[in-house]
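Participant: give me coordinates for this.
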Amino acid sequence: MRRALMCALTAVALLAGCTAGEEKGGGSDPDALHILASSELSDMEPILERVGADLGVPVELSYAGTLDAVDRLAKGKADGRFDAVWLSSNDYLRLRPEAARKIVSETTVMASPVALGVKPATLRDLGWKPEDVTWAQVEKAVADGRLTYGMTDPSRSNSGFSTLISVASALSGAQSALTDADIAEAGPRLKEFFRGQKLTSGSSGWLATAYKRRGNVDALLNYESVLKGIPGLTVIRPRDGVVTADYPLSTLASADATDRDTVRRLGEALRSPEVQREITERTHRRPVVAGVAPAAGLDTTRRRELPFPGSRSVADGLLDSYENELRRPSRTVYVLDTSGSMEGERLDGLKAALTDLTGDFREREEVTLMPFGSDVKSVRTHVVDPADPKSGLDAIKKDTAGLEADGDTAIYTSLEKAYDRLGADEDTFTSIVLMTDGENTAGADAGEFDDFYERLDGTARQIPVFPILFGDSDRSELEHIADLTGGRLFDAQQGSLDGAFEEIRGYQ
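Facilitator: The predicted structure is shown next:
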């Protein structure tokens, strides 16, 4: 069961992508302009480097998920560390007065609507005309078993949140900002719609990578700009409306007068016709300055702009409904190194991180703890039953408290047993989380695991492993596991173990 929304959002969405600019002057250029930015804006770095050089001020971005960045603003964690914040949208920020007060000005830089990217073969099979497609047609295609798709996690990624709002608004028939009544009315249709979601992700970048690797979904839901960067997709903006990201560069109240002026000049430079043309050609986002045409291939047909929820309670309620009722349930095996090297502070840190994580488990979620040393020590599975979630969560905490450190480190043998434990299940988001503080010293070796993985059936090979780099673990060894299985490596050496576990939640 999810903890209160904002508690779940305190984890940094892209720990591996953060720069030293997160602490002004802390190892980075103290004279640079420091901006807290949505993770998808990494594609703007070449443009910012050139524009910053023209202004005579280096620009440093530190990346976080949009909703996490809002939480950091609200709690004052950006004060003195950043001069500006650049999110895909300030809509959620405005629902939190304590965050909105941190902003003194904002400049819209570019735009990108939510869209649907569909494989051409699927488009032909469905008989759709891209200009006429509606969200209701998408729902019907899902209900008929003719369409599956991937999208990012709405509680971690603003593209996923904007998609959720677009779908809920369209399917509820809301004529204005969503209300609790609209969400309740649309509940059955939304549940049907999200039966089609077969792929989830904490970031747009990994979603695109997983789509290319797996090829097991017919479409992706994301911002138009992201979909345009994926070859082989026909990009559709549903006719009954979408939510659009407007990427406002926003000055923080805590910035001094000089930095405020620099943010203003940066915003003006980014809105110059020359830079607007470069933005739309390079990133597939739409220009916001009159006289600058969108890049070739961006449909200019007008679409209804769907409003953002008018209150935080409605926005949070929609997210909670998605997490616990609408989406497919999650099924995860946590393969946990409890070898002798974990004795002491490392094991204490693991126990603390897992205990804290229990508050983030969703209703209907299946959680298996598989501690290992020289071999797997035990296999304990618990389900967070909506009728009695506390029992499942308490059982996970009890098993976590009982973890003991001893033995060698049998990474690959333990992973093999995790795959054997999971088997094939297409009705859940299934994954394996591997946490180890060392190198493999017992059991199967890397080559034997590679052979084992190649022998798995097609469905089992769709299960990714998300390794966590911790302690003295070998980066190359864990990167190989992530690359082989289609997962992603999370770094708890540079960040924290609890932060890594939290970040992985967007991928489960």
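Participant: quick one, what contacts the residue nearest the centre of the chain?
Facilitator: Against the mean C-alpha coordinate of the chain, by Cα atoms, centre = their mean, the closest residue is Gly202 at 1.8 Å. Neighbouring residues of Gly202 by Cβ atoms under 8 Å, 6 or more residues apart in numbering: 13, 65, 152-153, 156-157, 503-507. (Glycine included, C-beta is placed from N, CA and C.)
Participant: mind listing which of those are in helices?
Facilitator: Here DSSP state H is the test, and these give 503-504 as lying in helices.
Participant: using ChimeraX, define a selection of the buried residues within the contacts of Gly202.
Facilitator: Buried members of the contacts of Gly202, defined by 16 or more other Cβ atoms under 10 Å, are picked up in ChimeraX with:
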select :13,65,152,153,156,157,503,504,505,506,507
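Participant: quick one: the residue nearest to Val288 when sequence neighbours are not counted from Gly392, how far?
Facilitator: Residue nearest to Val288 in three dimensions, not counting chain neighbours: Thr108, with 5.3 Å by Cβ to Cβ, 6 or more residues apart in numbering. Going from Thr108 to Gly392 by Cβ to Cβ, to the nearest Å gives 45 Å.
Participant: neighbour count for these two, which is higher?
Facilitator: The residue with more neighbours, out of Thr108 and Gly392, is Gly392; 22 against 16, by other Cβ atoms under 10 Å.
Participant: quick check, that one in contact with Arg380.
Facilitator: No. Gly392 lies out of contact with Arg380 (Cβ atoms under 8 Å); the separation is 11.2 Å.
Participant: just the endpoints, please. Distance across stretch 278-292?
Facilitator: Taking Cα to Cα, to the nearest Å as the measure, stretch 278-292 stretches 10 Å from start to finish.
Participant: which positions within that stretch qualify as buried?
Facilitator: Buried residues in stretch 278-292 (16+ other Cβ under 10 Å): 278-280, 283-289, 292.
Participant: repeat that for stretch 202-216.
Facilitator: Result for stretch 202-216 [16+ other Cβ under 10 Å]: buried residues 202-208, 210-211, 214.
Participant: nearest to Pro467 among those residues?
Facilitator: Trp206 (14.1 Å; Cβ to Cβ).
Participant: how much space between the closest one and Gly487?
Facilitator: In terms of Cβ to Cβ, Trp206 sits 9 Å off from Gly487.
Participant: Ser203 now?
Facilitator: 13 Å.
Participant: quick one: low-confidence ranges for the stretch 101-250 of the chain?
Facilitator: The stretch 101-250 of the chain contains no residues with pLDDT under 70.
Participant: for the helix or strand hosting Phe501, which helices and strands make contact with it?
Facilitator: Here Phe501 sits within helix 497-504, counting by DSSP states H and E. Using 3 or more Cβ pairs under 8 Å, 6 or more residues apart in numbering; DSSP states H and E, the elements in contact with helix 497-504 are helix 345-357, strand 429-436, strand 465-469, strand 490-491.
Participant: direction included, what does the last one pair up with?
Facilitator: According to DSSP bridges, strand 490-491 has the following sheet partners: strand 465-469 (parallel).
Participant: what's the partner strand in contact with?
Facilitator: By Cβ under 8 Å, 6+ apart, strand 465-469 touches 415, 431-436, 473, 475, 478-479, 481-482, 484-485, 487-493, 497, 500-501, 504, 507.
Participant: ok, stretch 368-382 next?
Facilitator: 332-340, 354, 366-367, 392, 395-396, 399-400, 403, 405-411, 413-414, 417-418, 421, 442-443.
Participant: where do the strands sit along the stretch 51-200 of the chain?
Facilitator: Listed in chain order, the strands of the stretch 51-200 of the chain (DSSP state E, counting those that start in this stretch) span 59-64, 84-86, 103-108, 112-118, 149-152, 197-201.
Participant: how about TSV for those, with distance to Pro46 added?
Facilitator: Formatted as TSV, these follow (distance: least, Cβ to Cβ, whole Å):
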stretch	distance to Pro46
strand 59-64	11
strand 84-86	16
strand 103-108	20
strand 112-118	18
strand 149-152	24
strand 197-201	24
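Participant: so which of the ones you listed gets nearest Arg312?
Facilitator: strand 103-108 (16.3 Å).
Participant: if we can go back for a sec, which of the buried residues of stretch 278-292 fall within strands?
Facilitator: Secondary structure assignment (DSSP state E) places none of these within strands.
Participant: show me the chain divided up by domain.
Facilitator: 5-110+247-283, 112-244+302-323, 329-507 (automatic domain parsing).
Participant: so Arg331: helix, strand or coil?
Facilitator: With DSSP: H, G, I helix; E, B strand; the rest coil as the basis, Arg331 sits in strand.
Participant: tell me, how many residues neighbour it?
Facilitator: 22.
Participant: thought it was touching Glu366?
Facilitator: Yes. The pair Arg331 and Glu366 qualifies as a contact (Cβ under 8 Å) at a distance of 4.4 Å.
Participant: overlap in contacts of these two?
Facilitator: With Cβ under 8 Å, 6+ apart, Arg331 and Glu366 have common neighbours Thr428.
Participant: any idea how far Arg239 is from Ala115?
Facilitator: Relative to Arg239, and taking Cβ to Cβ, Ala115 is found at 12 Å.
Participant: so for the two, which sits in the more crowded spot?
Facilitator: Ala115 (26 against 19).
Participant: save the domains of the chain as JSON lines, and put in distance to Ala296 too.
Facilitator: JSON lines is the format used below for the domains of the chain (distance: least, Cβ to Cβ, whole Å):
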{"stretch": "domain 5-110+247-283", "distance to Ala296": "9"}
{"stretch": "domain 112-244+302-323", "distance to Ala296": "11"}
{"stretch": "domain 329-507", "distance to Ala296": "33"}
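Participant: tell me the pLDDT of Gly25.
Facilitator: The score at Gly25 is 36. That number is its pLDDT.
Participant: swap in the one 3 residues further on?
Facilitator: According to the model's per-residue confidence, Ser28 sits at a pLDDT of 62.
Participant: likewise for Ala4?
Facilitator: For Ala4, the model assigns a pLDDT of 37.
Participant: do the same with the one 10 residues further on
Facilitator: The confidence metric pLDDT takes the value 32 at Leu14.
Participant: kindly report the same for Ala11.
Facilitator: Reported pLDDT for Ala11: 33.
Participant: likewise for Ala269?
Facilitator: 98.
Participant: is it true that it touches Leu55?
Facilitator: Yes. If you go by Cβ under 8 Å, Ala269 and Leu55 touch, sitting 6.4 Å apart.
Participant: which stretch among the strands of the stretch 51-200 of the chain comes nearest Pro309?
Facilitator: strand 112-118 (14.9 Å).
Participant: which helices and strands does the closest one pack with?
Facilitator: helix 158-172, strand 219-223, helix 224-228, strand 234-236, strand 244-245.
Participant: how near is the closest residue to Ser204 other than its chain neighbours to Ser88?
Facilitator: Among residues not flanking Ser204 along the chain, Val226 sits closest, at 4.7 Å (Cβ to Cβ, 6+ apart). Val226 sits 11 Å away from Ser88, going by Cβ to Cβ.
Participant: find the residues that touch each one of these two.
Facilitator: 40, 112, 159.
Participant: need the helices and strands packed on helix 497-504 in CSV (columns: distance to Leu164 and mean pLDDT).
Facilitator: Compiled in CSV, the helices and strands packed on helix 497-504 are given as follows (distance: least, Cβ to Cβ, whole Å; pLDDT from 0 to 100):
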stretch, distance to Leu164, mean pLDDT
helix 345-357, 23, 95
strand 429-436, 16, 96
strand 465-469, 23, 96
strand 490-491, 25, 93
